[in-house]
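Colleague: need a 3D model of the sequence below.
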Amino acid sequence: MFREMRRGKQLLSMEDTRSVMDRCANGVLACLGDEDYPYAVPLNYVYFNGKIYFHSAKAGHKIDAITKNPKVSFSVIDEDTIVSEEYTTYFRSAIAFGKARIVEGDEWLGAFEALVEKYSGDQPEEAKHKEIRGCTRSYIIAIDIEHISGKEAIEYVRAKK
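Modeller: Take a look at the predicted model:
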């Protein structure tokens with residue numbers, strides 16, 4: 001169903017791909033937007049329990065697109081170093097495909113706690129709990145991953161040998 005990577009030597013292991021997803025602070029959600037135009041939006045996220053979670057306003061382009069068609073992709077760039085003299089970049093990235101959905105209940109709480117910990121882990125516990133309890137005007141969205149892969153520059157592959 002999902003294509004194999006054309007440059008298989010550059011394919012990251014599943015462990016390395018998960019590490020990329022854990023490390024990155026933001027990614028790009030791509031979905032089918034208004035009048036079937038692609039809609040790609042950068043956002044903060046957390047990779048937690050094998051899913052991607054992010055928060056969203058309860059109304060807007062992103063929610064309309066996900067409601068209309070939950071199939072999405074999500075990509076992150078872990079590294080992108082310009083190497084001018086080689087006319088290239090040394091990169092590492094990951095992409096996931098799956099279906100997006102609004103979460104509730106215990107999953108909502110766990111995902112929200114994971115988001116808060118990722119971006120505000122240095123804040124006092126009481127402040128973090130207050131922030132979570134007080135957030136009622138947004139959704140937490142999960143992407144149930146159906147396929148995920150990572151890729152790195154051939155130069156990084158060669159350096160490992």
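Colleague: any chance you could map the strands in the protein?
Modeller: For the chain, applying DSSP state E gives strands covering 26-32, 38-44, 46-48, 51-57, 71-83, 88-102, 138-152.
Colleague: let me see the mean pLDDT of the last one.
Modeller: When you say that, I think you mean strand 138-152. The average pLDDT for strand 138-152 rounds to 96.
Colleague: one more: the third one?
Modeller: Confidence over strand 46-48 (mean pLDDT, whole number) is 98.
Colleague: would TSV of the strands of the chain with distance to Glu4 and mean neighbour count be doable?
Modeller: To be clear about C-beta, it is placed using only N, CA and C from the backbone, and glycine gets the same treatment. Below are the strands of the chain laid out as TSV (distance: least, C-beta to C-beta, whole Å; neighbours: other C-beta atoms under 10 Å):
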stretch	distance to Glu4	mean neighbour count
strand 26-32	20	18
strand 38-44	23	13
strand 46-48	23	22
strand 51-57	22	20
strand 71-83	16	16
strand 88-102	13	18
strand 138-152	9	19
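Colleague: to Met5, which of those strands lies closest?
Modeller: strand 138-152 (6.1 Å; C-beta to C-beta).
Colleague: CA atoms only: put the closest one into PDB for me.
Modeller: C-alpha atoms of strand 138-152 as PDB (Å, rounded to 0.1, in the frame of the first residue of the first chain):
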ATOM      1  CA  SER A 138      -8.900  23.200  21.900                       C
ATOM      2  CA  TYR A 139      -8.800  19.600  20.700                       C
ATOM      3  CA  ILE A 140      -6.100  17.100  21.000                       C
ATOM      4  CA  ILE A 141      -5.700  15.300  17.700                       C
ATOM      5  CA  ALA A 142      -4.100  11.900  17.300                       C
ATOM      6  CA  ILE A 143      -2.600  10.500  14.200                       C
ATOM      7  CA  ASP A 144      -2.900   6.700  14.200                       C
ATOM      8  CA  ILE A 145       0.300   5.800  12.200                       C
ATOM      9  CA  GLU A 146      -0.200   3.300   9.500                       C
ATOM     10  CA  HIS A 147       3.300   3.700   8.000                       C
ATOM     11  CA  ILE A 148       6.400   5.500   9.100                       C
ATOM     12  CA  SER A 149       9.900   5.800   7.700                       C
ATOM     13  CA  GLY A 150      13.000   7.800   8.000                       C
ATOM     14  CA  LYS A 151      15.800   8.800   5.700                       C
ATOM     15  CA  GLU A 152      19.300  10.300   6.000                       C
END
